[in-house]
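Asks: Structure of the sequence below:
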Amino acid sequence: MVDTENIDSLVNRGFGDTKLVPEGDEDTDIVDRVKTALEMTDGIEIARRYLVMNAFDGALTMLGLIFGGLTVMNTIGSELIFNAVILAGVGSSVAMAISGFSGCYLTESAERQRDVYEFRQSKIPRRVSPLEYHNASRMTTIVVALIDGLAPAVAAFIIMLPLFIATLGILDYWSATMLAVMICMTELFILGTFLGKVSRGSKLIYGAKTLATGIGTATIMLIIALLTGARP
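Replies: Take a look at the predicted model:
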């Protein structure tokens, strides 16, 4: 059971050198509060993993859709396939966002509830109250779920920007498709360099690895197109 002490005093207790709500500053900037909650619950590493993994998924999903449309664009008709790719991309982005948020929220909620229970049962002296840890866990769950849902959708939307522009007549279908592929490859390389920074390894090597994944995906799509008789 949570202590029945005054809630205000519980919320304002310190956690090491940090506080979820610093004394005399209940209107703390939301970014600082989120950061403190993530640090308290070891959520920063989890959020970082979800960000990279799901942005990676979103980028590769769009790459597969684009190349799938590209391989039959000249066969069936550019406008028809182009519109189909856009609709499929938008649908996939929305589905990934909803699936990512809801699935992550339910999973993290269950994990955090167990953590809070174990925290309350622990006999080890703590510098943070059960109520503080509970509130921090709830905030971490929401933040991580948002990252899980938004990362693939945002990554996919950025790749689709040239496709949206093409519908306005500013770009032709082929140029928009090629530009979208270039943006996707750039995203993959940036994600790789981010991983290199996290690992304190070579950003270039990690970037090359993620870029190779994108190139490999495109190659497989082209091979499938050749085997099925479609032509890019």
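Asks: Helix or strand: which one has the spatially most central residue of the chain?
Replies: The residue lying closest to the centre of the chain (CA atoms, centre = their mean) is Ala151, at 2.6 Å. Per DSSP states H and E, Ala151 falls inside helix 130-167.
Asks: I'd like to know which elements that helix is packed against.
Replies: Here helix 130-167 touches helix 7-11, helix 30-40, helix 43-70, helix 78-121, helix 173-199, going by 3 or more CB pairs under 8 Å, 6 or more residues apart in numbering; DSSP states H and E. All C-beta atoms are positioned from the backbone trio N, CA, C, and that covers glycine.
Asks: Surely Val144 touches Glu108?
Replies: Yes: counting by CB atoms under 8 Å, Val144 touches Glu108, with 5.5 Å between them.
Asks: Kindly point out which residues are neighbours of both of these two.
Replies: Ile46 (CB atoms under 8 Å, 6 or more residues apart in numbering).
Asks: The two: who's more crowded?
Replies: Legend: neighbour count by other CB atoms under 10 Å for Val144 and Glu108, higher for Val144 (27 against 24).
Asks: if I look at the more buried one, how far off is Ile81?
Replies: Going from Val144 to Ile81 by CB to CB, to the nearest Å gives 37 Å.
Asks: Same check on Gly201?
Replies: Gly201 is 41 Å from Ile81, by CB to CB.
Asks: Could you do Gly58 as well?
Replies: From Gly58 to Ile81 the distance is 21 Å (CB to CB).
Asks: So these two - more neighbours on which side?
Replies: Using other CB under 10 Å as the criterion, Gly58 and Ile81 rank with Gly58 on top: 28 against 20.
Asks: Just the pLDDT at that one, thanks.
Replies: For Gly58, the pLDDT comes out at 92.
Asks: now it, nearest residue through space, not along the chain?
Replies: Nearest residue to Gly58 in three dimensions, chain neighbours excluded: Pro152, at 3.0 Å (CB to CB, 6 or more residues apart in numbering).
Asks: shaky segments in this protein?
Replies: Scanning the chain for pLDDT under 70 picks out the ranges 1-28, 73-78, 119, 122-130, 228-232.
Asks: if we can go back for a sec, so the residue nearest to Gly58 touches Asn54, yeah?
Replies: Yes: counting by CB under 8 Å, Asn54 is a contact partner of Pro152 at 4.4 Å.
Asks: Can you pull the residues that touch both of the two?
Replies: 96, 100.
Asks: So for the two, which residue has more residues nearby?
Replies: Pro152 (28 against 24).
Asks: How about the contacts made by the more buried one?
Replies: Per CB under 8 Å, 6+ apart, neighbours of Pro152: 54-55, 57-58, 61, 93, 96-97, 100.
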